[in-house]
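Chemist: Just a sequence and a predicted model for now, questions to come.
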Amino acid sequence: MTVTMLRSVVEAALRRAPTSSSSSSNQLLRRRCYSSDSNPERKVAVLGAAGGIGQPLSLLMKLNQLVSSLSLYDIAGTPGVAADVSHINTRSQVKGYVGEDQLGQALEGADVVIIPAGVPRKPGMTRDDLFNINASIVKSLCTAIAKFCPNALVTMISNPVNSTVPIAAEVFKKAGTYDEKKLFGVTTLDVVRAKTFYAGKENVPVAECVSQLQNSACVCTSEVNVPVVGGHAGITILPLFSQATPTSNLSEEDIAALTKRTQDGGTEVVEAKAGKGSATLSMAYAGAIFADACLKGLNGVPDIIECSFVQSSITELPFFASKVRLGKNGVEEVLGLGTLSDYEKQGLGNLIPELKSSIEKGIKFANQ
Ligand code: NAD
Ligand code: LMR
């Protein structure tokens, strides 16, 4: 359902309302669309909230009616971002925290922690080139998470995701708080891109479901779906166009081109931004979709399935991105790969060594 259609449905419902007083209209609007009354209290913390991703992501989380408390943390700039976002008339109470001294307060009681802290790529860099700086940032943030909100779901955006997720796992293991069901590498942007590129090629409407971000009551249907598995860097990103819906008869050349564009999506943005960072707006959208799915899972909404880079045994690697079912404790089930085409089987074989070495690099760093 498009936003315009959704608005028309609500407006039509309001016109049919028994009285035309604004208070009854408001009640109906609340009942139909903003069912915050029935949602439990949920605290979401964004670490790196003043950054290119952090700011729009904080905005999107402020629009999410599943959030009752929004905690914005960064090493600088969060008071301004928090003051700004806090004026939006939605459910959550917003607080800004700045500097390490306030990190504990920012995290205390969090149900979901979203981490977009760290440096982004410039043209010519790989995600692995960010390792030296971002690995240390992630390690210290995860040390604090283990101390102040050990039961939170942690959604890792900071690159290189293929290494930062294993780093987080090792930090939590050392602290005795590791729960493999609660740690996620956010690969949603790969899925978002694959859907967009596939829909464009097939000339079918891609999902327009902003209401997913804004309220949990409306039913949203995604018209296009493409699972993306593996990891989150170059060839480790493996879109499964053979499983895309609606189904298609794309040629091998088209599938190869779509696969390459999905794998290079991040680089496409980095080059277009010409030194001014990497994807921020589409990433904020993707991060908000994934956080929303985590919150719905925590709240017991059934059949919440997203792709994510998680601890896994579906391949020989200890971490792997695939579809996962989310529930009240985080990952409820890591779903298998399904039937792969020969092209995808080859892609899977090719990605294993690179993904393995990125995972091992993260584990080694965390333990030195
Ligand atoms: P940015 O530089 O605009 O923002 C990063 C923010 O992190 C800054 O505000 C900075 O102050 C903050 N920060 C640095 N150290 C911190 C710390 N110790 N604690 C808290 N905050 C800290 O960068 P960005 O464009 O927002 O990108 C952030 C990260 O997300 C990068 O590593 C980037 O590669 C990654 N990214 C991942 C995906 C994905 O699909 N997973 C997509 C896009 C970007
Ligand atoms: C992306 O996929 O856009 C991110 O991983 C950022 C990057 O460096 O490409």
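Modeler: Yep, it's here. Ligands and ions are numbered 1, 2, ... in the order given.

Chemist: ranges for the strands of this protein?
Modeler: Shown for the chain, the strands assigned by DSSP state E span residues 43-47, 69-74, 93-98, 112-115, 153-156, 183-185, 228-230, 237-239, 304-311, 319-327, 330-334.

Chemist: Could you list the low-pLDDT ranges of this protein?
Modeler: By pLDDT under 70, the low-scoring segments of the chain are 1-37, 207-222.

Chemist: Name all residues that make contact with the closest residue to ligand 2 within the stretch 51-200 of the chain.
Modeler: Nearest residue of the stretch 51-200 of the chain to ligand 2 (Cβ to the nearest ligand atom) works out as Arg121 at 3.8 Å. C-beta: built from backbone N, CA, C; applies to glycine. Shown in contact with Arg121 (Cβ atoms under 8 Å, 6 or more residues apart in numbering): Arg127, Asp129, Leu130, Asn159, Gly266, Val270, Gly277, Ser278.

Chemist: do the same with Thr315
Modeler: For Thr315, the contacting residues are Leu337, Leu348, Ile352, by Cβ under 8 Å, 6+ apart.

Chemist: Correct me if wrong: the first one contacts Ser322.
Modeler: Yes - counting by Cβ atoms under 8 Å, a contact exists between Leu337 and Ser322, whose distance comes to 6.2 Å.

Chemist: Common neighbours of these two, please.
Modeler: Residues touching both Leu337 and Ser322 by Cβ under 8 Å, 6+ apart: Val229, Ile314.

Chemist: Those two: which has the busier surroundings?
Modeler: Remark: of Leu337 and Ser322, Ser322 carries more neighbours, 23 against 19, as counted by other Cβ atoms under 10 Å.

Chemist: Which residues does the more buried one form beta bridges with?
Modeler: Counting by DSSP bridges, Ser322 is bridged to Ser308.

Chemist: Not counting sequence-adjacent ones, nearest residue to Glu108?
Modeler: The shortest distance from Glu108 to any non-neighbouring residue, by Cβ to Cβ, 6 or more residues apart in numbering, is to Phe148 (5.2 Å).

Chemist: Identify the residues contacting the one you found.
Modeler: Leu103, Gly104, Leu107, Glu108, Ala110.

Chemist: biggest separation within the contacts of Arg121, which pair?
Modeler: Spatial extent of those (Cβ to Cβ) is set by the pair Asp129 and Gly277 at 14.1 Å.

Chemist: Tell me the spatial nearest neighbour of whatever residue of the stretch 151-300 of the chain ends up closest to ligand 1, not counting adjacent residues.
Modeler: In the stretch 151-300 of the chain, the residue that lies nearest ligand 1 is Asn159 (3.4 Å; Cβ to the nearest ligand atom). Using Cβ to Cβ, 6+ apart and skipping the chain neighbours, the partner closest in space to Asn159 is Arg127 (4.4 Å).
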